[in-house]
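Visitor: Take a look and give me a structure for this.
(2 chains)
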Amino acid sequence: AQSVTQLDSQVPVFEEAPVELRCNYSSSVSVYLFWYVQYPNQGLQLLLKYLSGSTLVESINGFEAEFNKSQTSFHLRKPSVHISDTAEYFCAVSVQGAQKLVFGQGTRLTINP
Amino acid sequence: GAGVSQSPRYKVAKRGQDVALRCDPISGHVSLFWYQQALGQGPEFLTYFQNEAQLDKSGLPSDRFFAERPEGSVSTLKIQRTQQEDSAVYLCASSLVVAGGYNEQFFGPGTRLTVL
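Guide: This next block holds a predicted model:
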């Protein structure tokens, strides 16, 4: 079975500071990796995904994540955060060829002015 | 276009009552998923449909939980004899492609169920 661990339940940072949200997974088979974002009072939205190929993936709003197979990690980073990035972020995996997503517990990112 | 919609958005039930939660997937989406998100936790998989066929119900926590998608479009998640531990947000997601490869899941806003 697959599992996902998000090491930080809450991460407070100042505006324009860099941030890293950590995610580790366990799986005995190949997986796809995802980061979802949930803004206040909104549904889950896909932020970025790793399927294959380049281990560094980017989103349109400046986030990036790097797949590290040896460390079974998929940490999310942004070099300079904005107030509008305040949200809950979920790391998720799915087994290649399967359908369901397995989510981590979530990390609440709070941006202070 | 229209996304995944769920109704009701909020539901309060007394312990022991039956509830029915509805999901309208994106038109044409073949796959439909239900997830349960307890307070402060990530979503957990409940069940999965491909058209009207329920292919995986391994996540349903007890036989009080029942899901159906009789015409391969709208789906209903029913919870019988609700218990306080059933309080959670119930998320529905749909995806377009049938099988193989990667199929992005699009999530609805969820139904927040509170059992008193």
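Visitor: In stretch B:20-33, which residues are buried?
Guide: Neighbour counts using 16 or more other Cβ atoms under 10 Å in any protein chain shown place B:21, B:23-26, B:29-33 of stretch B:20-33 among the buried residues. Bear in mind the C-beta positions are built from the backbone N, C-alpha and C, glycine included.
Visitor: nope, stretch A:48-62 is what I was after
Guide: Of all the residues in stretch A:48-62, those buried under the rule 16+ other Cβ under 10 Å are A:48-50, A:57, A:59.
Visitor: and chain A, which residues reach chain B?
Guide: A:4, A:6, A:9, A:32, A:36, A:42-46, A:49, A:51, A:90, A:92, A:97, A:99-106 (Cβ under 8 Å from any Cβ of the partner chain).
Visitor: So among the residues you listed, which ones count as buried?
Guide: Among the residues of chain A next to chain B, the ones that count as buried by 16+ other Cβ under 10 Å are A:4, A:6, A:32, A:36, A:43-44, A:49, A:90, A:92, A:99-106.
Visitor: So which of those residues are in helices?
Guide: For these, not one is inside helices, with DSSP state H as the criterion.
Visitor: So which of those residues belong to strands?
Guide: A:4, A:32, A:36, A:44, A:49, A:90, A:92, A:102-103 (DSSP state E).
Visitor: Need these in TSV (columns: pLDDT).
Guide: Shown next, in TSV, are those (pLDDT from 0 to 100):
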residue	pLDDT
A:V4	96
A:Y32	90
A:Y36	96
A:L44	93
A:K49	92
A:F90	97
A:A92	95
A:V102	94
A:F103	96
